[in-house]
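*Asks:* the following block contains a protein sequence and its predicted model.
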Amino acid sequence: MKLYSRKQFVVRAALAIAALIAIVVLWNFYDVRATVKWLAFSRHYKSAVLSEPATNGELKHIEWDGWGGMPVGDWTAYVVFDPTDSLSAPSKSSTPAKYKGIPCDVILVRRLEKHWYSVVLEMNEFWDKMHPTC
């Protein structure tokens, strides 16, 4: 006596695999989103960052992402060009700190590729002249 036909087995296996992929993506949503965004738009972000003028020892950067809002607060992430890869070590740890070339408190550094990083600042801190909170 057959429990499942071959067709039913394939459908159930496909659904199980799709569910597993969905769980992994949701569990690692920001990492997956950042990777896909970088792969799709890195050329644009690189040219925008490199066209920024260098300012008093700060790393070149532009806004990359943001989330939050009232009443929980705002978090902002930036794409950062680091020609010396000084952010390489911080990208391997998850310890919030202050880093040379970044005036604000950093809660997360992710390496996108050599010399390029995503930097998330502490809540309600902004790395631009319009919102100099740090």
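*Replies:* Cool, got the structure. Numbers count the residues shown, from 1 in each chain.
*Asks:* low-confidence ranges, this structure, go.
*Replies:* Residue ranges of the chain with pLDDT under 70: 1-4, 129-134.
*Asks:* now do the helices in it.
*Replies:* 6-27, 29-50 (DSSP state H).
*Asks:* just say which of the ones you listed is most tucked in.
*Replies:* Among these, helix 29-50 has the highest mean neighbour count (mean count of other CB atoms under 10 Å), at a mean of 13. All C-beta atoms are positioned from the backbone trio N, CA, C, and that covers glycine.
*Asks:* and the contacts of it?
*Replies:* 25, 60-62, 64-65, 79-81, 110, 112-113, 116, 118 (CB atoms under 8 Å, 6 or more residues apart in numbering).
*Asks:* again, only using 10 Å
*Replies:* 24-26, 28, 59-65, 67, 77-81, 108, 110, 112-113, 115-116, 118, 120 (CB atoms under 10 Å, 6 or more residues apart in numbering).
*Asks:* list buried residues within those residues.
*Replies:* 59-62, 64, 77-81, 108, 110, 112, 116, 118, 120 (16 or more other CB atoms under 10 Å).
*Asks:* out of the residues you listed, which are inside strands?
*Replies:* Among the buried ones among the contacts of helix 29-50, DSSP state E puts 60-62, 64, 77-81, 108, 110, 112, 116, 118, 120 in strands.
*Asks:* no more questions from me, cheers.
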